[in-house]
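Sequence plus predicted model, see below.
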Amino acid sequence: MSVYDQIAQARSSAIGEIEQVDDMESLTALEPMLFGKKSTLGSLKRLMSEVDEAERAEVGQALNQAQTDVRDAHTAIKERFIAQNRRFQLETERLDLTESLAANKRGHLHLVTQTMERLEDVFVGMGFTVSEGPQAETDWYNFEALNLPAAHPARSMFDTLYLDLGERTEIGDGEGGEATNILLRTHTSPVQIRVMESSPPPIYTVCPGRVFRRDTADASHMPVFHQIEGLVVDHGISLTDLAGTLNEFTAAYFGGAIRSRLRPSYFPFTEPSAEFDITCVICEGDGCQTCQRTGWIELGGCGMVHPNVLANCGIDSEEWTGFAFGFGIDRLALMRYGIKDLRDMYTNDVRFLEQF
Amino acid sequence: MKVLLSWLREFAPIEGDPYELADHMSDLGMAVEDTRILDPLEGVVVARVAELRSHPEADRIQLVDVEVEEGDRLQVCCGAFNMSVGDLIPFATIGTVMPDGMEIAQRKMRGELSNGMCCSAAELGLGSDHDGIMILPQDLQLGTPLMEQLGLVGDVLWDLEINPNRPDAMSIAGVARDLAAKLKVPFEIPDWTISTSEGSEDTPASIHIDDGVLCPRFAARVIRGVTVEDSPLWMQMRLTLTGMRPINSVVDVSNYVMLELGTPNHTYDLSLVPNGHIGVRRAVRGETIVTLDDQERALLPDDGVIVNEAGDPIGIAGVMGGASTEISASTDAVLLELASWQPESIARTSQRLGLRSEASARFERGTDWRLNVNAVERFCYLLNHISSDGIDVVGEVLDAKGDLPEVPPVPVRTSRISMLLGRDFESEEIRDLLVPIGFDVATTDNEDVQLVTVPSFRPDTETETDIAEEVARHYGYSALGTTVPRSPDAGHLTTEQKFRRAIRQIMIGTGLIEAMPNPFLAPDDVAKAGLSIEDPVQLLNPLAVEESVLRPSLLPGLLASVAYNYSHRNTGVKLFETGAVFRNSGDSAALPDEHEHLGALLSDSDAFAVMGLLRELSSALKVELELTNTDDLPGLHPTRGVRVCIAGTEIGSVGELDPVVAERYEIEDRCAWLELRLDLLIEAATATADNTYEPVSTFPSSDVDLAFLVDEEVQASTIEATLRHAAGVELQALQLFDVFRSEQLDEGYRSLAFSLRLQAKDRTLTDEEVGAVRQRCIDAVETSHKATLRS
């Protein structure tokens, strides 16, 4: 048998052995037989010295080629085993990701809080600050300072809850200039008074918060609800400034398709006074059941701050003028989601709260 | 306030699309709540009741034979029994579509044919009277269309919302005046003077005003030959449509004049007023009067009364007449009163006595005293006009005056009006807007200033600013345009407000849901929640006793909310709230103590769940909280509660709910509870908010684990504090990582294992240095506490 035949035989027997192997372990066990000194090809190398000088290069080449072939065969099968092992390993790790058990869910802010923050953000964007004040108030801050002295007929517009702080006072009493009655604020306007008393104009602020009325709860009334009021006092503030500010707010909060308009109205604390309407958010002005086919819905009240109110806060109404506006937060929340009954927001049923 | 187009037209030639006119009225501040073009009611005709028969099969309906043409009878089944044979009634023929959309068809009712429908006023949309079939006057023509006969075809009825500052708009004439000015058409109150009866006898009556503030003007007149009868249909229809119920000719004229001119009035039977003398004064304490409704009313000194010659009250001024002088069917001579009253007095009296009426509503806003005599004339004119035999008016109109308001002209600066309204007005424009609504405008030497005299029907308008509103109203609010003022400063939330938001985010980040329970509690809710608050703030006039206490804590509200959820099978709920709580300040003239709290109630959770929440807050706000295990915190589990302080000031407590409390609310799980003073927490967070930063050390760190046997009496947090102090500046992190209790350990002791990571900023710590820190820590804990290192 020629040396070439020996090489060819050794090569094919090695490759044959490789092809017999069916797992990585056996392959590893086989490796010394393939590549070591004791391997057939290895022992042939030792025969090189016996080969004629002239043939040595050629035999060497054949030997190298055979070795390369064996290595290639080995590599190919090794890679196959690696891939197989990986497939097997991954298969054992298979998961049904829909089997996830109940985990900690993120909580939810109350719809009223979300609405309030949204409103605050819009006004902050328009250059306003946010002011706060106590919910229990004096008659002075809630009524008198707002140009609503005792026995003013417009007081009947506000069904007021009074506090019993030991000394029983007659409801609505407060005559004689001394307002001693403590009550739950019926609007956030007392905050406006506190702001005007404590900080000089220019003032650009909104007062969101909880307010109280002596109303029996029904689908559209709650004795406890939320309002946001705005106040601007500056040089040369006019009724058109009020209209423009409300327009800008309306577009920012409700979207560009929604406009606002003013209609004359009456409030003791503003003169001129107005109601402000917005384009119906349901039909966008075409007329529907919600807006009673008018295309508009009433949002709140507003007006130029009454000179008496400015005077009560020590502000010279000849030098400074201002406007104020206010509207309900709860109703906005209802409108946004088409909630029919205001009371739903206050049962605190998590099946309701989790939806927002 | 309901107004009818045909009635407005008696004062001004108002034309236009009903909905456009409605928009005009809304733009003038008289918000239109409803516009109704009166239904022509095609198919509804005048019919006569020819015969009434009982239904053979039913008691609640009867058979009516009606005649639409003489001699041509139709049988109808009818559920009303108020008509008699010969009555004229509205009859809806077959095919008629009623205002509510129902179509009249031939029907069988209990076996009897019904060929149409006899109608009530309400069914025709002509009023609220459902009680029976509308009985029509006999002079109507049989078979003719009803609405034509009533003169109502094409008429429009608007329902207006009138603001308290618009007494003038509480009348047809006042609405017509405002609308006419907007439409630029003339407005006029007609002259209704009628001649007095022959012989011109002296007026057999006199008036004396004792209190001129109470009564600025009192006009009166004697009318003889009065026949109390039904008023004509047109008047009945106008009253019905505008919300008054027709009674008889005298009452109807009285109401008609009130609606038309805004001047409530009253009639006395002259024969019951001795010598026709009437006085006006304030009541005396202890005085009583029996009013028209036969109720005896106690009077107070603030009330106005009308008295007779003897000084006995015969009426409560502006609120209700007395029974003793009431007119009756036999009344022949009437004394008509048309007075103005002090609005505040009427408001107080009518409110106190619970006698609010159309009349008191007008007096409360202030009626036009200049119109009193005209209104007397109008009353006489109308009563004469509608009475079958006419009336005799006797003598002149009596006109007694009290303190008539003197209204000085208001200087109005064109520049100021322009500034307030945001549009440059010319003085002439202002004049042209004000004159048509009854204001008198005179120029002055100063080009910028005009003198504006306010008419008596606008008592609310007193100042330049009030006049600015009138200018804006008639110029049109929308026509003024818009401008946007800019704050000189950037808008922002305060640091405190940002922290409040951050805290809410922390709460929802840990899975809590924000609730908003009722802040009003029942008196026993505080105790039910396990709290012991002696004297919570009470409401003086609560809606119900269950809502009479202002919450002193967030616990009762959140407990009720969790209980509500449990009762609806929503178990395991975790709620929080931020909100004000109230306590008596001890000073009845001062505001109660009001603080914002943060409360969280985690059902199906133990105390450690809420401790985790507390740690989140502490680390996010960088506020160091001092915790002290405390027994018997109100509402909390007697052995699972901790008092929370910041720098020695108590800010609240956390722990597990007392199981007894949970049981009372039928919450079957353990609940963890947290209530903190949110204001103090935010204050502390604001104070520690700084901009410092620690560079991260790049040198290797070393970990030391130490386990101690610690007496159960010693809080883990105190060991932690001791370790922190002893480890010194090289301590990078400290964590309790294992708590172990076992019978193998000494009795009353548990094992606490801490892990300390040590690291220096400038070098690698040597084994010796680490060892020294370790020893310091061990020594400190062992010497300061009942604790030993576990070997």
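Done, it's in. Residues are numbered from 1 along each chain as shown, chains lettered A, B, ... in the order given.

For burial, what's the neighbour tally of the closest residue to A:D215 other than its chain neighbours?
Once flanking residues are discounted, A:D215 sits nearest to A:H221: 4.5 Å by Cβ to Cβ, 6 or more residues apart in numbering or on different chains. All C-beta spots, glycine's among them, are computed from the backbone N, C-alpha and C. The tally of other residues near A:H221 (other Cβ atoms under 10 Å in any protein chain shown) stands at 13.

Is the residue sitting nearest the centre point of chain A in a helix, a strand, or coil?
Nearest to the mean C-alpha position of chain A, by Cα atoms, centre = their mean, lies A:Q114 at 8.8 Å. For A:Q114, the assignment made with DSSP: H, G, I helix; E, B strand; the rest coil gives helix.

Just list the residues touching it, thanks.
Contact analysis of A:Q114 by Cβ atoms under 8 Å, 6 or more residues apart in numbering or on different chains lists A:A333, A:F356.

try 10 Å this time
A:H108, A:A333, A:R336, A:F356, B:E514 (Cβ atoms under 10 Å, 6 or more residues apart in numbering or on different chains).

ok, now A:Q292?
A:C280, B:E33, B:D34.

looking at these, which has the most residues close by?
Neighbour counts for those, by other Cβ under 10 Å, peak at A:C280, which reaches 22 neighbours.

Now for the residue nearest to that residue when sequence neighbours are not counted, how many residues are close by?
Nearest non-adjacent residue to A:C280, counting by Cβ to Cβ, 6+ apart: A:C291, 3.6 Å away. The tally of other residues near A:C291 (other Cβ under 10 Å) stands at 20.

ok, now A:G125?
Quick note: A:G125 (other Cβ under 10 Å) scores 13 neighbours.

Tell me the spacing between the nearest residue to it once chain neighbours are set aside and A:T250.
The shortest distance from A:G125 to any non-neighbouring residue, by Cβ to Cβ, 6+ apart, is to B:G491 (6.3 Å). B:G491 is 17 Å from A:T250, where distance means Cβ to Cβ, to the nearest Å.

Break chain B into its domains for me.
Using automatic domain parsing, the domain ranges for chain B come out as B:2-38+B:156-183, B:44-150, B:206-401, B:410-474, B:495-688, B:702-789.

so which of these gets nearest A:I315?
Closest of the domains of chain B to A:I315 is domain B:410-474, at 14.3 Å (criterion: Cβ to Cβ).

Compute the first-to-last residue distance for that closest one.
Length of domain B:410-474, first residue to last, Cα to Cα, to the nearest Å: 19 Å.

average pLDDT across that domain?
In this model, domain B:410-474 has a mean pLDDT of 96.

hmm, it in reach of chain A?
Yes - using Cβ under 10 Å from any Cβ of the partner chain, domain B:410-474 comes into contact with chain A via B:416, B:418-423, B:460-474.

Give me the below-cutoff pLDDT ranges for chain B.
B:128-129, B:196-201 (pLDDT under 70).

make it 50
Applying pLDDT under 50 to chain B flags no residue at all.

circling back: give me the more crowded residue out of B:G491 and A:T250.
Using other Cβ under 10 Å, the more surrounded residue of B:G491 and A:T250 is A:T250, with 22 against 19.

Next, the contact list for the closest residue to that one other than its chain neighbours, please.
Distance criterion Cβ to Cβ, 6+ apart; nearest residue to A:T250, sequence neighbours excluded, is A:S260 at 4.3 Å. Contacts for A:S260 (Cβ under 10 Å, 6+ apart) come out as A:243-251, A:254, A:276-279, A:296, A:299-300, A:302, A:325, B:482.

Ramachandran angles for A:S260?
Main-chain torsions, A:S260, degrees, to the nearest 10: phi -130, psi 160.

what ranges do the helices span in the stretch 51-200 of chain B?
B:146-150, B:172-183 (DSSP state H, counting those that start in this stretch).

Could you say which of these is packed most deeply?
Highest mean neighbour count among those (mean count of other Cβ atoms under 10 Å in any protein chain shown): helix B:172-183, with a mean of 23.

ok, residues contacting the helix or strand that it is followed by?
For helix B:172-183, the following helix or strand on the C-terminal side (DSSP states H and E) is strand B:206-209. For strand B:206-209, the external contacting residues (Cβ under 10 Å, 6+ apart) are B:215-220, B:275-281, B:306-307, B:309, B:335, B:337, B:339, B:398-403.
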